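Student: Starting from these lines, generate the structure:
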Amino acid sequence: MQPTTNTPFERFAFVAVILMSVFFLLMPFILMPVAHIGGAFTIFCLLLFASLGFPIFCIICAIKIEDDHLNALAKAEAELSDIVVSDMKTLPSNWKPVKTVFILDNVVIANDYIKTFFWSFRKLFGGESKSFSKMTSRARREATVRVLRKAKEYGANVVWNIRYETSTIQSNYAKDGSKTIAGVEVLAYATAFTVAAE
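Tutor: This is a model prediction of the structure:
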């Protein structure tokens, strides 16, 4: 089964952003020799790349990573659709559960700057933040898939009484002490077992 997170593209994007950040830190040292030569156009191109290219690259990567994750989740959910999932506490009277095991897993989905940008506007007027709703939904679906995969490893065909705990991870960037959401964590837990109806 293909992983839904930590894909090759995610790893590539992470390494590329680090390398680009190092390049920007070294840019003053790169520009000094060019400035002596008189390459004003080269300096302009480098500054244009730094001011536009980097954010555009990050936006494209964020959109692709989210799209790949949603597609991978849909595929994983289809593969695990043979497992019965319920949030009910009581079992049907004709079920005889065997091989009962408690399963627990979590996921943290990081925020990206696109969501932060739109959220900053949403804070001005209020209302639903659809970008964060989508991020929380992704985290919940990913946590569910991880629980179902563990259940399948144990040979269970039922995941019962599934519960979710959600928390936000916040970062303090502003000098005034205001915080921004850096990510969301969802913890999913349930009882998994094999059942045969009478």
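
Student: In its sheet, which strands sit next to the strand ranked longest in the chain, and in what direction?
Tutor: Secondary structure of the chain read by DSSP state E shows that its longest strand is strand 180-197. With DSSP bridges as the test, strand 180-197 is paired with strand 95-110 (antiparallel), strand 158-171 (antiparallel).

Student: What residues sit buried inside that strand?
Tutor: Of the residues in strand 180-197, 181, 183-184, 186-195 count as buried by neighbour count, 16 or more other C-beta atoms under 10 Å. All C-beta spots, glycine's among them, are computed from the backbone N, C-alpha and C.

Student: Next, name the residue at the spatial heart of the protein.
Tutor: residue 109 (3.1 Å; C-alpha atoms, centre = their mean).

Student: Now do the residue lying closest to that residue once chain neighbours are set aside against residue 99, distance only.
Tutor: Among residues not flanking residue 109 along the chain, residue 139 sits closest, at 4.3 Å (C-beta to C-beta, 6 or more residues apart in numbering). Taking C-beta to C-beta, to the nearest Å as the measure, residue 139 and residue 99 are separated by 29 Å.

Student: These two: who's more crowded?
Tutor: residue 139 (22 against 12; other C-beta atoms under 10 Å).

Student: show me the contacts for that one.
Tutor: 107, 108, 109, 166, 184, 185, 186 (C-beta atoms under 8 Å, 6 or more residues apart in numbering).
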